[in-house]
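> Sequence plus the predicted model coming up.
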Amino acid sequence: MTVKNTSVKNDKLSANGQHGGMPLLHEPKLNKGTAYSVEERRQLGLEGLLPHAVENLDRQVERVLAHLDEKADDLERYIYLIGLEDRNETVFYKTIMSDPKRFIPVLYDPTVADACETFGNNYRRARGMYITRYMKGRMAEVLRNWPEKDVRFICVSTGGRILGLGDIGANGMGIPIGKLQLYTACAAVPPAGLLPVLFDIGTTNETLRADPFYMGTREAPVSEAELDELTEEFIQAVQEVFPNCCVHFEDWKGTDAIRMLDRYKDKILCYNDDIQGTASVALAGIAAGMNITGGKLTEQRVMFLGAGSAGLGIAKLFCAELQTLGLSEAEARKQVALFDINGLIEHSRTDLSETQKLYARPAKPCKDFVQAIRDFKPTVLVGVSTKARAFTREVVELMSELNEQPIIFALSNPTHKAECSAEEAYTWSKGKALFAAGVQFPDFDYEGKTFRPGQANNFYIYPAIGLATYCCRPTRLNDECFIVAAHATADQVTLTQRAKGMLFPSQEQILETEVTTAARIAEYMFDSGLAQVERPRDIRAWLEAQLYKPQY
Ligand SMILES: O=C([O-])CC(=O)C(=O)O
Ligand SMILES: [Mg+2]
């Protein structure tokens with residue numbers, strides 16, 4: 001426990017006109033609770049406000065762990081943890097970062113899905129910002145209400161497509177909150193500059209609009225033209241109020257997501273996690289699969305079930321990678337096929353978006369997914385459909401007939417939306433499949449061998465992108481950053497892990513993994529001229545020096 005560190009923090013507090021005492025104990029970023037020393041208690045007017053015992057951080061975490069053990073389920077644990085973050089940010093991050101494999105699923109997917117669906121019922125305290133159409137013309141003024149002035153990342157969602165849950169409007173706030181917590185939990189990005197934003201544009205969800213506990217605007221979504229206008233004002237306001245901020249788009253309706261990324265990616269520092277982060281983690285899984293099968297990336301044929309922002313994002317990044325490996329654009333696109341609710345994406349379809357048209361195959365119409373697989377003969381199958389159980393026994397068996405080791409990703413989430421479970425993938429493929437899902441499935445024993453399913457979730461990627469961005473201050477992010485992140489992630493799967501069929505590094509050492517990934521991204525940012533700070537001699541050590549550490 002160092003008094004020095006505290007007195008620096010408390011200088012800041014004095015500058016705000018606060019001098020310790022009870023307000024200090026209610027300030028989660030500064031509060032040390034029972035860890036204040038006798039001396040500090042005297043200096044800061046805390047005597048008598050705390051029990052006698054002076055505890056250290058480890059003892060405080062032990063108490064938290066005991067509380068968590070008493071909770072009935074993960075949603076209760078989630079609610080408790082958010083409350084803890086409201087009281088003491090240091091204990092919160094110390095707890096999460098001490099066991100990320102255990103806590104990522106509690107704080108984030110799949111529990112965050114329940115947290116979002118019950119957001120109005122379980123609401124406790126203000127966190128993040130809500131921007132509505134009623135702030136039109138005043139968004140910059142509104143953003144100035146946020147107490148932290150040096151905001152470095154805004155994660156913004158309309159709630160228009162939350163995970164595989166569809167449009168849940170303002171209840172989607174759980175996602176920007178959770179995504180930003182993982183910047184810190186997985187890559188030690190300092191939490192002070194992280195701002196979750198729910199861009200409340202109304203919702204198509206009539207059940208929610210009729211729910212007395214719903215807290216968003218009770219209206220149908222604004223028109224596309226109005227959305228574009230509101231978003232433009234928001235983006236301008238962010239540039240003005242938080243000039244060092246990277247805008248992270250998350251869980252917008254697919255067409256809005258693609259349109260906004262196209263509009264802003266070359267104009268401001270931004271990215272879309274569902275398009276670029278998901279694409280990068282899928283590419284990482286495919287690249288790691290090549291290390292197991294000995295196959296070549298250029299020979300992979302990827303078939304998607306679902307042709308929304310995630311599927312199109314993966315297709316685009318995969319093709320970009322194939323082009324860097326020497327294929328032409330047309331050759332690369334031939335390696336990809338998409339199949340959606342209306343069948344195979346092929347030339348004669350009249351319902352395709354401009355982006356979907358790029359991947360339309362010169363093939364006959366086909367509404368039968370199994371037939372489409374038989375015709376295209378994919379080596380990799382990617383589920384981004386939000387259609388539970390869509391990878392049937394027939395699908396998995398056919399993939400195993402076509403491939404020695406088929407790569408099967410069931411990315412829809414939360415758990416009940418996955419296209420198939422790990423157990424199904426391993427059993428139906430007779431242990432041949434290299435499998436990953438968007439959520440973590442438990443290990444599975446099949447004929448004497450233990451398989452560890454992968455979690456192909458963008459949390460392997462975006463926190464590392466965040467750390468590299470935080471340190472290098474690039475003016476833009478491009479697709480190459482996400483390709484570099486994919487390879488850096490795949491390269492960290494060890495030989496022992498590959499032997500268990502693992503396609504991603506283990507989550508126990510997620511911080512170590514993401515710092516390594518961030519170092520590779522940072523190196524690319526310096527090499528390519530994207531970085532706006534001076535290149536350090538030792539990039540890794542330089543990143544490490546800037547990591548947030550949960551300590552007093
Ligand atoms: O949040 C996750 O687990 C993955 C993701 O971005 C999504 O499903 O929208
Ligand atoms: Mg998402």
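Ah, there it is. Ligands and ions are numbered 1, 2, ... in the order given.
> Quick one: residues contacting residue 451.
Contacts of residue 451 were listed using Cβ atoms under 8 Å, 6 or more residues apart in numbering, and they are 422, 426, 431, 435, 443-445, 500-501. C-beta here means a position set from N, CA and C on the backbone, and glycine is covered the same way.
> Look at residue 96 and report its pLDDT.
As predicted, residue 96 sits at a pLDDT of 98.
> Which helix or strand contains it?
helix 89-98 (DSSP states H and E).
> ok, and what's touching that helix?
Contacts of helix 89-98 (Cβ under 8 Å, 6+ apart): 28-29, 31-33, 57, 60-61, 64-65, 81, 84-85, 103, 107, 181, 184-185, 188, 191, 511, 548, 550-552.
> CA atoms of it as PDB?
Written as PDB, here are the backbone C-alpha positions of helix 89-98 (Å, rounded to 0.1, in the frame of the first residue of the first chain):
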ATOM      1  CA  GLU A  89     -13.200   0.100  -9.500                       C
ATOM      2  CA  THR A  90      -9.800  -1.300  -8.300                       C
ATOM      3  CA  VAL A  91     -11.300  -4.300  -6.500                       C
ATOM      4  CA  PHE A  92     -13.600  -4.900  -9.400                       C
ATOM      5  CA  TYR A  93     -10.700  -5.100 -12.000                       C
ATOM      6  CA  LYS A  94      -8.500  -6.900  -9.600                       C
ATOM      7  CA  THR A  95     -11.100  -9.600  -9.200                       C
ATOM      8  CA  ILE A  96     -11.900 -10.000 -12.900                       C
ATOM      9  CA  MET A  97      -8.200  -9.900 -14.000                       C
ATOM     10  CA  SER A  98      -7.200 -12.400 -11.400                       C
END
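> The helix or strand just after it vs ligand 1: in contact?
Following helix 89-98 in sequence order, the next helix or strand is helix 100-107 (DSSP H and E). No: counting by Cβ under 6 Å from any ligand atom, ligand 1 is not contacted by helix 100-107; separation bottoms out at 9.7 Å.
> Dump helix 100-107 to PDB, restricted to CA.
Extracted in PDB, the C-alpha atoms of helix 100-107 (Å, rounded to 0.1, in the frame of the first residue of the first chain):
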ATOM      1  CA  PRO A 100     -10.300 -14.000 -16.600                       C
ATOM      2  CA  LYS A 101     -11.300 -17.400 -17.800                       C
ATOM      3  CA  ARG A 102     -13.900 -17.600 -15.000                       C
ATOM      4  CA  PHE A 103     -15.100 -14.000 -15.200                       C
ATOM      5  CA  ILE A 104     -15.300 -13.300 -18.900                       C
ATOM      6  CA  PRO A 105     -18.500 -15.400 -19.300                       C
ATOM      7  CA  VAL A 106     -20.000 -13.800 -16.200                       C
ATOM      8  CA  LEU A 107     -19.300 -10.200 -17.200                       C
END
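> now that helix against helix 89-98, angle please.
Relative orientation of helix 100-107 versus helix 89-98 (axes from the mean of the first three to the mean of the last three Cα atoms, to 10 degrees): 120 degrees.
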